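S.K.: Sequence and predicted structure are below.
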Amino acid sequence: MSGKPLKGIRVVEVTHHVTGPVTTQVLADCGAETIQIETVSRRGLMGGGGGGGGAPGQKAITGRLSVSLNFVSPKGLELAHRLISKADIFVENLAGGTLANRGLGYDDIRKIKPDIIYLATCMQGQTGPHYSHAASGHKLSALAGFNHITGWPDREPGWVGTYTDFVAPRYNIIAIMAALEYRRQTGKGQFLDMSQYEPGLQFMAPAILDYSVNQRVAGRMGNECSYAAPHNAYRCQGEDRWCAISIFTDEEWQSFCRVLGNPALAGDPRFATLLDRKENEEELDRLVNKWTGSRTAEEVMSVMQAAGVAAGLVETVEDQVVHDPQLKARRFFWEMGPPEPGKDPASEQPYYRLSLRVRQGPTLGQHNDYVFKKVLGLSDAEIAELVKERVID
């Protein structure tokens, strides 16, 4: 494709942390003019190009425009309304009801822009007894049950590094694209009430089905799998180097034993069948660890895969960004020079290969002149007065 599929679409957003910015990053990378309304306090949570805050923000705000606007003030709210009236899509991910209480809810916006596509993607949606709960994805991962099934059976629930903030945006994008098509056909906008909690539950579907049918509550199993053995991450040469190996069939087990240089092991009565291997899994893991411990993780992965055995290096972030040959070949990471000195790798969206690349993330208020002058038509004198009144940060 030579064009940008969302060229001509304008998005205005009031987002922070991860879910909202990751959602709008996709729109921006696909060509939409995406304008983020920010304040100094919210910038700290976002972690933008020129502000403080966490790393997710730096990755998530690439390719968009930033305006600094205190929309809590009456004049700031009026400017926000004017800006949104010129948009096709509005996205927010504050706690349920927060923007409605500040004059930026869907009922407020559709009065000034009847065909607006309004996405609210908060923790638990805009209705129900818990709609106003404020939290982050880490807490929703616990609520969705991820933590309960993560870890070892004799220990407390584990902490999940990947959480619902990275699940919900995929559903958000599908809903927005469907709403754009609906508006194209009917001329009508949409209110998209997206609960981050509920998409997370989709990833618990097997456990939920098991409970529904068998009343069995899934628990923590460590690295075990009820229908595979060996099935674990095995220590290799070097500091904290590991390779994951999974064997599901007797044929794979026989191939595995040949790689070990011990084909007779395949007939050992302790390990001859899957049931045997499961009954003696602790001893089996000791044997595998002894073999992998004298080899590099890369070597283990290579020889196992060549023999048809599922194996994968347990990669660190350094492995992914610097050493992974597959990601290098597909140019997944792009070095971007942020306004401050240094380079920062930004990732390509993994589900498309369009003739466009991620663009530099903005500093706070970097595009005030463009938005306030070109989009809203304010004069220099009007902008200066708004700055003086602290309406524009």
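M.R.: Yes, it's here. This structure is a prediction, so every number in the text was calculated from the model and none was measured. Numbering: from 1, shown residues only.
S.K.: list the contacts for Lys7?
M.R.: Residues in contact with Lys7, defined by Cβ atoms under 8 Å, 6 or more residues apart in numbering, are 31-32. Where C-beta positions appear, they are placed from N, C-alpha and C, glycine not excepted.
S.K.: any idea how far Ala28 is from it?
M.R.: Lys7 is 11 Å from Ala28, where distance means Cβ to Cβ, to the nearest Å.
S.K.: Then Val11?
M.R.: From Val11 across to Ala28, the span is 7 Å (Cβ to Cβ).
S.K.: What of Val314?
M.R.: The spacing between Val314 and Ala28, counted by Cβ to Cβ, is 33 Å.
S.K.: which of these two has more neighbours?
M.R.: Ala28 (25 against 16; other Cβ atoms under 10 Å).
S.K.: tell me which element that one falls in.
M.R.: helix 19-29 (DSSP states H and E).
S.K.: right, and the helix or strand after that helix?
M.R.: The helix or strand immediately downstream of helix 19-29 is strand 33-38, counting by DSSP H and E.
S.K.: quick one: that following strand to chain centroid distance?
M.R.: Relative to its chain's centre, strand 33-38 lies at 19 Å (Cα atoms, centre = their mean, to the nearest Å).
S.K.: burial measure for Glu156, as a count.
M.R.: A count of neighbours around Glu156, defined by other Cβ under 10 Å, yields 9.
S.K.: Shouldn't it be within a helix?
M.R.: No - counting by DSSP: H, G, I helix; E, B strand; the rest coil, Glu156 is not part of a helix but coil.
S.K.: could you measure it against Asn147, distance?
M.R.: With the distance defined as Cβ to Cβ, Glu156 ends up 9 Å from Asn147.
S.K.: do Leu378 as well
M.R.: 49 Å.
S.K.: One more: Gly200?
M.R.: Distance check for Gly200 against Asn147: by Cβ to Cβ, it reads 11 Å.
S.K.: got it, and Phe333?
M.R.: Between Phe333 and Asn147 the distance is 29 Å, computed by Cβ to Cβ.
S.K.: Could you do Leu327 as well?
M.R.: In this view, Leu327 and Asn147 are 29 Å apart by Cβ to Cβ.
S.K.: Ok, Arg110 next?
M.R.: In this structure, Arg110 and Asn147 are 38 Å apart, going by Cβ to Cβ.
S.K.: Then Gln366?
M.R.: Spatial separation of Gln366 from Asn147 under the definition Cβ to Cβ is 39 Å.
S.K.: do the same with Phe256
M.R.: Applying Cβ to Cβ to Phe256 and Asn147 gives a distance of 32 Å.
S.K.: With neighbour numbers in mind, choose between these two.
M.R.: Counting neighbours by other Cβ under 10 Å for Phe256 and for Asn147 shows that Phe256 has the greater number, 24 against 19.
S.K.: Isn't the more buried one up against Gly308?
M.R.: No - at 9.2 Å, Phe256 and Gly308 do not qualify as touching, with contact defined as Cβ atoms under 8 Å.
S.K.: Let me know the next secondary structure element after the top helix by length along the chain.
M.R.: Under DSSP state H, the helix in the chain containing the largest number of residues is helix 168-186. The element immediately downstream of helix 168-186 (helix or strand, assigned by DSSP H and E) is strand 190-195.
S.K.: Need the contact partners of the next helix or strand after that following strand.
M.R.: From strand 190-195 onward toward the C-terminus, using DSSP H and E, the following helix or strand is helix 197-202. Contacts made with helix 197-202 from outside it, assessed by Cβ under 8 Å, 6+ apart, are listed as 123-125, 140-141, 143-146, 164, 167-168, 170-171, 208.
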